[in-house]
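Novice: here is a sequence together with a model predicted from it:
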Amino acid sequence: MVLISISAIFVLLNGVKSESATDVVNSPNAFEIFDDLTKSSKYDIREHPLSKGPLRVGVSVSINALGELEPTRTTFTSQLTIREVWTDNRLSYAQIPNHPPVIIGEADLADKIWKPSISIANEMVSSMVTIPMSNKMVEIFPDGKVIYSFRIRSSIFCAVYLMKYPFERQFCNFYLESCKLYFIFTISYCSITLHFHP
């Protein structure tokens, strides 16, 4: 089951075997629309998509590779693909005539839009997978819905119990978080709420 989902992700990231994706990527109209939506006079990458209340962000994780558990360091290594889904009304283009069904791009597009900052709470160290290229992908739909995918390599803390060594089982979890606290008149709130997105 995991292998099937991983294969699907790689096909999507590479943009192959999908005529609609290829047509959209090769459409100059799609990139013209994106450039117009994100030009500095209209779009501020630092600005939160919502002026009030937390933004609802869907998250899903695929495990591409799982390394060894290191009991002496109480860590395990993994390579993950994290997908985030949210709506940014500033990127909606449904009102434009003959608009494409979706705008698809890689790091060059992803680096020009606001993105939620999501991290692994119990990570020891993480890094973006950049070989052979930056593994980022973004899809923007006419209603402003954004799907952002990226791959990371992470070393994650895991408390190990060796009372029954070498016959014990180890259960390792990792936790995603993204909560930026703002204090306004002594009232704090999170700018993002996470929920599972299949």
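Specialist: Looks like it came in fine.
Novice: contacts, neighbours, all on C-alpha from now
Specialist: OK.
Novice: select the longest strand from this structure.
Specialist: strand 55-70 (DSSP state E).
Novice: need the contact partners of it.
Specialist: Counting by Cα atoms under 8 Å, 6 or more residues apart in numbering, strand 55-70 makes contact with 2, 5-6, 49, 75-86, 116, 191-198, all of which sit outside it.
Novice: buried ones among those?
Specialist: By neighbour count, with 16 or more other Cα atoms under 10 Å, these hold 6, 49, 75-86, 116, 191-194 as buried.
Novice: among these, name the ones in strands.
Specialist: Per DSSP E, these map to strands at 75-86, 192-194.
Novice: and the two most separated of the residues you listed?
Specialist: Spatial extent of these (Cα to Cα) is set by the pair T75 and W86 at 31.3 Å.
Novice: check the secondary structure at A30 for me.
Specialist: helix (DSSP: H, G, I helix; E, B strand; the rest coil).
Novice: quick one, helices of the protein?
Specialist: 2-14, 19-25, 28-37, 107-110 (DSSP state H).
Novice: where does the protein dip in pLDDT?
Specialist: 1-28, 71, 128-133, 179-190 (pLDDT under 70).
Novice: mind redoing it with 80?
Specialist: 1-28, 51-53, 68-73, 124-134, 159-172, 174, 178-190, 198 (pLDDT under 80).
Novice: could you dump stretch 70-90 to PDB, C-alpha only?
Specialist: In PDB, the C-alpha atoms belonging to stretch 70-90 read as follows (Å, rounded to 0.1, in the frame of the first residue of the first chain):
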ATOM      1  CA  GLU A  70      19.500   4.000  16.900                       C
ATOM      2  CA  PRO A  71      18.900   3.100  20.500                       C
ATOM      3  CA  THR A  72      22.100   4.900  21.700                       C
ATOM      4  CA  ARG A  73      20.900   8.200  20.200                       C
ATOM      5  CA  THR A  74      17.200   7.400  20.700                       C
ATOM      6  CA  THR A  75      16.400   8.500  17.200                       C
ATOM      7  CA  PHE A  76      15.200   7.100  13.900                       C
ATOM      8  CA  THR A  77      15.700   8.500  10.400                       C
ATOM      9  CA  SER A  78      13.000   8.900   7.700                       C
ATOM     10  CA  GLN A  79      12.300  10.500   4.400                       C
ATOM     11  CA  LEU A  80       8.900  12.000   4.200                       C
ATOM     12  CA  THR A  81       6.700  13.700   1.700                       C
ATOM     13  CA  ILE A  82       4.400  16.300   3.400                       C
ATOM     14  CA  ARG A  83       1.400  17.700   1.600                       C
ATOM     15  CA  GLU A  84      -0.300  20.900   2.800                       C
ATOM     16  CA  VAL A  85      -3.700  22.100   1.600                       C
ATOM     17  CA  TRP A  86      -5.200  25.500   2.200                       C
ATOM     18  CA  THR A  87      -7.100  28.400   0.500                       C
ATOM     19  CA  ASP A  88      -5.600  31.700  -0.300                       C
ATOM     20  CA  ASN A  89      -8.300  33.900  -1.800                       C
ATOM     21  CA  ARG A  90      -5.600  36.300  -3.200                       C
END
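Novice: thanks a lot, see you next time.
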